[in-house]
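In: Quick one, structure for this:
(chains A and B)
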Number of protein chains: 2
Amino acid sequence: MDGVLADVYSQFLKLEAQETGILRTKEETNGFIESEAFPFYEKHVHSSVFFRTAPLMDRSVEGLDYLNRKYEVIILSSATEFPQSLMEKELWLNEHYSFISWEQMIFCGRKDVVQGDIMIDDHPKNLNLFSGERIIFTQPHNINVEVPESKRVFNWDNIMDIL
Amino acid sequence: MDGVLADVYSQFLKLEAQETGILRTKEETNGFIESEAFPFYEKHVHSSVFFRTAPLMDRSVEGLDYLNRKYEVIILSSATEFPQSLMEKELWLNEHYSFISWEQMIFCGRKDVVQGDIMIDDHPKNLNLFSGERIIFTQPHNINVEVPESKRVFNWDNIMDIL
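Out: Sure thing, here's the model as predicted:
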């Protein structure tokens, strides 16, 4: 969800600019995970609006709708680390991707107990433990990371091209 | 979680008694799923306190602690049908089973995409789709239901005896 549907880097950068008056570019965060890239990380992820107001990844509505018509889609999101984010995330999905039902949502702590045929994720640690087809969605933190036996996509048009 | 850790039938019966003045016994609900057994079902499951204040299944703290020392335990709970229940459930787990971390929690719509070696559940529909060892935890709604290739337990002492 984060880093594939939700554009969390843009959200962090926007909130950082509100705090500091300085708007950095995504490129300036290349190579850093969120907690390293953003000095206000802890404050923002524990707020009650961070996930609820996250911007959408470009073309993700069309892309997810396309996948949802063709495949059995499950939205699997790491969320239990931030209990307040759970309902925020479900309401966010309901608002933006209304064709996804509650039956298709899983909010978890770790993703390795969930099975499937294809995983699209931005985190190499999740893909490395997945036994099906691995698709890494490029985000600043993974740009220099190699995930074995994976395909790399840069945007939702790439996903629609290969799936 | 519900019907194994959380004693939801007792919670429904207690709330029903507050509405009607009549306290029925669990036995009177035998053979009925919650939505059939309890006239105020919809009101209660959508409230903001139903799951947060649910009583514990007897001996579940000792039992889960025992399992948690011996096995890799995941708490898998159907929860996304009621978005407001998500944080309630996590806080409830934190309060009563503090040895369970957020990494061990999964809140889902359907359980068939989660894999494991052993599943303890009260719902035959979940166990029937599980490929590992199946343990059915007796609750009023499942008392007359046969789950193929399962062991039936009536309480947490039974679980500690067989696992």
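
In: Now do the contacts for residue A:131.
Out: residue A:115 (CB atoms under 8 Å, 6 or more residues apart in numbering or on different chains). In this view, the C-beta of every residue, glycine as well, is placed from N, C-alpha and C.

In: Just say helix, strand or coil for it.
Out: Classification of residue A:131 using DSSP: H, G, I helix; E, B strand; the rest coil returns coil.

In: Show me the helices in chain A, by range?
Out: With helices called from DSSP state H, chain A shows them at A:8-20, A:34-37, A:41-45, A:60-70, A:85-96, A:124-128, A:156-162.

In: buried stuff in the last one?
Out: Pointing back at helix A:156-162 there. Using 16 or more other CB atoms under 10 Å in any protein chain shown as the test for burial, helix A:156-162 gives A:156, A:158-160.

In: What residues does chain A have near chain B?
Out: A:74, A:79-81, A:83-84, A:86-87, A:90-91, A:94, A:101-110, A:113-116 (CB under 8 Å from any CB of the partner chain).

In: Buried subset of those residues as a PyMOL selection?
Out: In PyMOL, a selection of the buried entries from those looks like this (16+ other CB under 10 Å):
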select buried, chain A and resi 74+79+80+83+84+86+87+90+102+104+105+106+107+108+109+110+113+114+116
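
In: Where does pLDDT dip in chain A?
Out: By pLDDT under 70, chain A has no low-scoring segment.

In: just checking, which of the residues of chain A next to chain B belong to strands?
Out: A:105-108 (DSSP state E).

In: which among the residues you listed gets closest to residue B:145?
Out: Nearest to residue B:145 among these is residue A:106, at 25.6 Å by CB to CB.

In: dump the residue contacts of the nearest residue to the closest one once chain neighbours are set aside.
Out: In this structure, residue A:106 finds its nearest non-sequential neighbour in residue B:108, 4.4 Å apart by CB to CB, 6 or more residues apart in numbering or on different chains. Contact partners of residue B:108, counting by CB under 8 Å, 6+ apart, are A:105-108, B:76-80, B:114.

In: in the sheet, who's paired with residue B:108?
Out: For residue B:108, the beta-bridge partners are residue A:106, residue B:78 (DSSP bridges).

In: Geometric centre of chain A: which residue is closest?
Out: Using CA atoms, centre = their mean, the residue of chain A that lies closest to the mean C-alpha position is residue A:2, 2.1 Å off.

In: what's near enough to touch the nearest residue to that one once chain neighbours are set aside?
Out: Of all residues not flanking residue A:2 in the chain, residue A:8 sits nearest, at 4.6 Å (CB to CB, 6+ apart). With contact set as CB under 8 Å, 6+ apart, residue A:8 has these partners: A:2, A:34, A:54.

In: now, among these, which is nearest to chain B?
Out: Lowest distance from chain B to those (CB to the nearest CB) belongs to residue A:2, with 15.7 Å.

In: how much space is there between residue A:30 and residue B:138?
Out: To residue B:138, residue A:30 is 55 Å away according to CB to CB, to the nearest Å.

In: Contacts for stretch A:86-94 next, please.
Out: Here stretch A:86-94 has contacts from A:1, A:5-6, A:48-52, A:54, A:75, A:77, A:79-80, A:100, A:102, A:105, A:107, B:80, B:83-84, B:86-87, B:90, B:107, using CB under 8 Å, 6+ apart.

In: Can you give me the neighbour number for the nearest residue to residue A:73 once chain neighbours are set aside?
Out: Nearest residue to residue A:73 in three dimensions, chain neighbours excluded: residue A:67, at 5.3 Å (CB to CB, 6+ apart). Neighbour count of residue A:67, defined by other CB atoms under 10 Å in any protein chain shown: 17.

In: what are the bridge partners for the nearest residue to residue A:54 once chain neighbours are set aside, then?
Out: In space, and not counting its chain neighbours, residue A:54 is closest to residue A:6: 4.1 Å by CB to CB, 6+ apart. Beta-bridge partners for residue A:6, by DSSP bridges, are residue A:2, residue A:56.

In: I'd say residue A:62 and residue A:155 touch.
Out: No: here residue A:62 lies out of contact with residue A:155, judged by CB atoms under 8 Å, at a distance of 11.2 Å.

In: In terms of neighbours, single out the busier of those two.
Out: residue A:155 (15 against 12).

In: residues in contact with that one?
Out: Contacts of residue A:155 (CB under 8 Å, 6+ apart): A:57-59.

In: Quickly name whichever of the residues you listed is closest to residue B:38.
Out: For these, the nearest to residue B:38 is residue A:57 (41.9 Å; CB to CB).

In: Quick check on that closest one: phi, psi?
Out: Torsion angles at residue A:57 (phi, psi; degrees, to the nearest 10) stand at phi -70, psi 140.

In: mind checking how far it is from residue A:36?
Out: 21 Å.

In: who's more crowded, those two?
Out: residue A:57 (24 against 11).

In: Quickly note the distance from that one to residue A:135.
Out: 14 Å.

In: thinking again about what came up before, can you get me a residue count around the residue nearest to residue A:54?
Out: Neighbours of residue A:6 (other CB under 10 Å): 23.
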